[in-house]
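S.K.: with the sequence up front, the predicted model follows.
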Amino acid sequence: MNNQYGSIEDLEQATLDESIDDVLRLLAQPYVRTTIRTLYSRPDTTVEQIAVVTAGSVAVTDDHITTKEEFDEIQLHLYHATLPRLERYGWIDFDYEADTVTETGIPDPIYAFLGVDMDE
């Protein structure tokens, strides 16, 4: 298969604390994928900055400018679903009060699977 993602075999061979099925379910979420890619280049960031990148990704994918309402929905989804899930995996530290996010251990095979250029 020739696409933007790495192979499932690479994930299966990686040492992950979670099952491959759980990881694939997590990575099936577009906001999760965008958040992880964002954290590679910005390991210390804010919820708003991740929302801006995510809104841009949605705008490109859907071929329209993201509205204020859509942006607000993205922020809510990040705050209540995406970021808590990544924190449960131990991959980020999410400070709810400060609205900051710090990458704390996203495994390299996850970045590679998502097509992040780790040579930059």
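M.R.: Perfect, thanks for sending it. Residues are numbered from 1 along each chain as shown.
S.K.: would you agree residue 45 falls within a helix?
M.R.: No - applying DSSP: H, G, I helix; E, B strand; the rest coil, one finds residue 45 to be strand, outside a helix.
S.K.: bridged to it, which residues?
M.R.: residue 101 (DSSP bridges).
S.K.: what number of residues lie near the nearest residue to residue 92 once chain neighbours are set aside?
M.R.: Nearest residue to residue 92 in three dimensions, chain neighbours excluded: residue 86, at 4.6 Å (Cβ to Cβ, 6 or more residues apart in numbering). Where C-beta positions appear, they are placed from N, C-alpha and C, glycine not excepted. Per other Cβ atoms under 10 Å, the neighbour tally for residue 86 reads 23.
S.K.: next, give phi and psi for residue 86.
M.R.: When read as degrees, to the nearest 10, the backbone of residue 86 gives phi -60, psi -30.
S.K.: now swap in the one 3 residues further on and tell me
M.R.: The phi and psi values for residue 89, taken as degrees, to the nearest 10, are phi -70, psi -10.
S.K.: burial count for the residue nearest to it when sequence neighbours are not counted?
M.R.: With Cβ to Cβ, 6+ apart as the criterion, residue 89 has its nearest non-adjacent residue at 6.4 Å, and that residue is residue 18. By the criterion of other Cβ under 10 Å, residue 18 has 15 neighbours.
S.K.: ok, residue 55 next?
M.R.: Count around residue 55 with other Cβ under 10 Å applied: 21.
S.K.: again with residue 112
M.R.: Using other Cβ under 10 Å, residue 112 has 17 other residues around it.
S.K.: mind checking how far it is from residue 67?
M.R.: Residue 112 sits 34 Å away from residue 67, going by Cβ to Cβ, to the nearest Å.
S.K.: next: residue 93.
M.R.: 31 Å.
S.K.: kindly report the same for residue 117.
M.R.: 31 Å.
S.K.: would you map the strands across the protein?
M.R.: Secondary structure of the chain by DSSP state E: the strands cover 44-46, 92-95, 100-103.
S.K.: quick one: average pLDDT of the first one?
M.R.: Right, strand 44-46. In this model, strand 44-46 has an average pLDDT of 98.
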